[in-house]
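> Here is my input, please return the structure:
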Amino acid sequence: MRGCIEHEIWLNALFYFVETIYIVLLFSLPRISFFLDFFFLVVFSLAYVINST
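Purely as a prediction, here's the structure:
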């Protein structure tokens, strides 16, 4: 189970990293915000599914 816990910590760190990049890019490049919204939605739903299982 230790590997599973480490994987969850890594996934949460990756999620916050992507969220930070998303916020920075959202304010920097509003023209591609639609693509970023779609990408962020996919990442968020994927992280939710992995954490719920």
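
> where does the chain dip in pLDDT?
Applying pLDDT under 70 to the chain flags residues 1-3, 30-33, 53.

> In it, which residue is most central in space?
For the chain, Phe15 is the residue whose C-alpha lies nearest the centre (Cα atoms, centre = their mean; 3.6 Å).

> Contact partners for that one?
Going by Cβ atoms under 8 Å, 6 or more residues apart in numbering, Phe15 touches 43-44, 47. For glycine as for every other residue, the C-beta is placed from the backbone atoms N, C-alpha and C.

> Please pick the buried ones from these.
Among these, those buried by neighbour count (16 or more other Cβ atoms under 10 Å) are Ala47.

> sorry, back to before: for the residue nearest to the centre of the chain, pull up the helix or strand it's in.
Using DSSP states H and E, Phe15 sits within helix 2-28.

> Following the chain onward from that helix, which element is next?
Next element after helix 2-28 (DSSP H and E): helix 33-52.

> thinking again about what came up before, which of the contacts of Phe15 sits closest to Glu8?
Checking those against Glu8 by Cβ to Cβ gives Ala47 as the nearest, at 10.0 Å.

> Quick check: the closest one touching Ala13?
No. Between Ala47 and Ala13 there is no contact under Cβ atoms under 8 Å: 11.2 Å.

> Identify the contacts common to those two.
Counting by Cβ under 8 Å, 6+ apart, nothing touches both Ala47 and Ala13.

> coming back round to it: for the helix holding Phe15, which residues meet the burial criterion?
Buried-residue list, helix 2-28, by 16+ other Cβ under 10 Å: 15, 22, 25.

> and the second one, what is it in contact with?
The one in question is Tyr22. Taking Cβ under 8 Å, 6+ apart as the test, what Tyr22 contacts is 36, 39-40.

> Of the residues you listed - the most surrounded one?
Greatest neighbour count in those, by other Cβ atoms under 10 Å, goes to Phe40: 18 neighbours.

> Distance of that residue relative to Ile50?
16 Å (Cβ to Cβ, to the nearest Å).

> Next: Tyr22.
18 Å.

> quick one: contacts for Val49?
Counted by Cβ under 8 Å, 6+ apart, Val49 has zero contacts.
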